[in-house]
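[1] test case, fold it:
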Amino acid sequence: MNSNSLIQHDLTGSSYGYSAADMESLQATEYTLIHIVVDVSISVSSYKQQMEDVIANIVKSCQPPNPKSDNLMIRLVMFSDTIEEIHGFKQLPDCNLSDYQGCLHIHGATALFDALINSTQATINYANNLYDEDYDTNGIVIVITDGVNYTDSTTCEQDVTNEIKKLNTSKLDSCMIILVGISNCVSTDKYLANLKKAANITQYVSIDEASEENFRKLENFLSQSIISQSKSLGSGAISIPINF
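    Below you'll find the model as predicted:
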């Protein structure tokens, strides 16, 4: 799903970078960088199709008649015990809805910290590069998981906190991070809620059952959050978090 027009970027101190649209291909003067990061560990196998539908419908909601459709770029990442970029930061017109069916590949455990760090680093790095070329940016990072960080992760909670702090000194106008927990396990929900507080994540929302109704509710919530954040570009502040 990666396009030939995407340029590979390395991240300092990381073995995994990201790809993004060649700046020479950009048509607008400002962009909201949308980062969708999805857990594909074995425990999500029973609702893989629903997750792919959520991704496709979020992308669809960003398209016209959304008045900000020309100012959106999307990166899609899946993670288990490794991180895999499905596609880098693409301009919205280059995102084909049909590509999201069958895009997730289930395997492994949950490297949640690594995924949070990579998505934050990539958003900051690309925003800083865009700023150097006179583009204004803000961002929204959406991380969806049904579990806790597995014990063999290469990073720790403090690493996540330290990386998110760097958003304050980046060239992003603002950036909100939404952590979504899909679990009917009380201990997992508590773990993710505590991670939200410790790492200064903007918002945590919990889904206690992987039902069709809850996934449609999640689609609407995330779509509205993206639209709200894109409208806030230029204000210097994140949009007001929407109730789930």
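
[2] show me where this structure has helices.
    Secondary structure of the chain (DSSP state H): helices at 48-62, 112-132, 157-165, 186-199, 212-231.

[3] what's the first one packed up against?
    What that stands for is helix 48-62. Contacts defined by 3 or more C-beta pairs under 8 Å, 6 or more residues apart in numbering; DSSP states H and E place helix 48-62 against strand 30-39, strand 72-79, helix 212-231. Every residue, glycine included, has its C-beta placed from N, CA and C.

[4] same deal with the second one?
    In terms of contacts (3+ C-beta pairs under 8 Å, 6+ apart), helix 112-132 is packed against strand 6-9, strand 18-21, strand 30-39, strand 72-79, strand 83-91, strand 136-145, helix 157-165, strand 175-182.

[5] please save the CA atoms from it in PDB.
    Listed next in PDB are the C-alpha coordinates belonging to helix 112-132 (Å, rounded to 0.1, in the frame of the first residue of the first chain):
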ATOM      1  CA  LEU A 112       2.300  -0.800  23.000                       C
ATOM      2  CA  PHE A 113       5.100   1.400  24.300                       C
ATOM      3  CA  ASP A 114       7.100   1.000  21.000                       C
ATOM      4  CA  ALA A 115       4.000   1.900  19.000                       C
ATOM      5  CA  LEU A 116       3.300   5.000  21.000                       C
ATOM      6  CA  ILE A 117       6.900   6.200  20.800                       C
ATOM      7  CA  ASN A 118       7.200   5.600  17.000                       C
ATOM      8  CA  SER A 119       3.900   7.300  16.200                       C
ATOM      9  CA  THR A 120       4.900  10.300  18.400                       C
ATOM     10  CA  GLN A 121       8.400  10.500  16.900                       C
ATOM     11  CA  ALA A 122       7.200  10.200  13.300                       C
ATOM     12  CA  THR A 123       4.600  12.900  13.800                       C
ATOM     13  CA  ILE A 124       7.100  15.300  15.400                       C
ATOM     14  CA  ASN A 125       9.800  14.600  12.800                       C
ATOM     15  CA  TYR A 126       7.600  15.100   9.800                       C
ATOM     16  CA  ALA A 127       6.000  18.200  11.300                       C
ATOM     17  CA  ASN A 128       9.400  19.700  11.900                       C
ATOM     18  CA  ASN A 129      10.400  18.900   8.300                       C
ATOM     19  CA  LEU A 130       7.200  20.500   7.000                       C
ATOM     20  CA  TYR A 131       7.800  23.600   9.200                       C
ATOM     21  CA  ASP A 132      11.200  24.100   7.600                       C
END
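
[6] quick one, which of the helices and strands packed on helix 112-132 gets closest to Lys231.
    strand 30-39 (8.9 Å; C-beta to C-beta).

[7] still on that earlier bit, mean pLDDT, distance to Gln50 and mean neighbour count added to the helices and strands packed on helix 112-132, as JSON lines?
    Formatted as JSON lines, these follow (pLDDT from 0 to 100; distance: least, C-beta to C-beta, whole Å; neighbours: other C-beta atoms under 10 Å):
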{"stretch": "strand 6-9", "mean pLDDT": "96", "distance to Gln50": "28", "mean neighbour count": "16"}
{"stretch": "strand 18-21", "mean pLDDT": "97", "distance to Gln50": "26", "mean neighbour count": "22"}
{"stretch": "strand 30-39", "mean pLDDT": "98", "distance to Gln50": "11", "mean neighbour count": "24"}
{"stretch": "strand 72-79", "mean pLDDT": "98", "distance to Gln50": "15", "mean neighbour count": "24"}
{"stretch": "strand 83-91", "mean pLDDT": "96", "distance to Gln50": "17", "mean neighbour count": "21"}
{"stretch": "strand 136-145", "mean pLDDT": "98", "distance to Gln50": "11", "mean neighbour count": "25"}
{"stretch": "helix 157-165", "mean pLDDT": "96", "distance to Gln50": "27", "mean neighbour count": "16"}
{"stretch": "strand 175-182", "mean pLDDT": "97", "distance to Gln50": "10", "mean neighbour count": "24"}
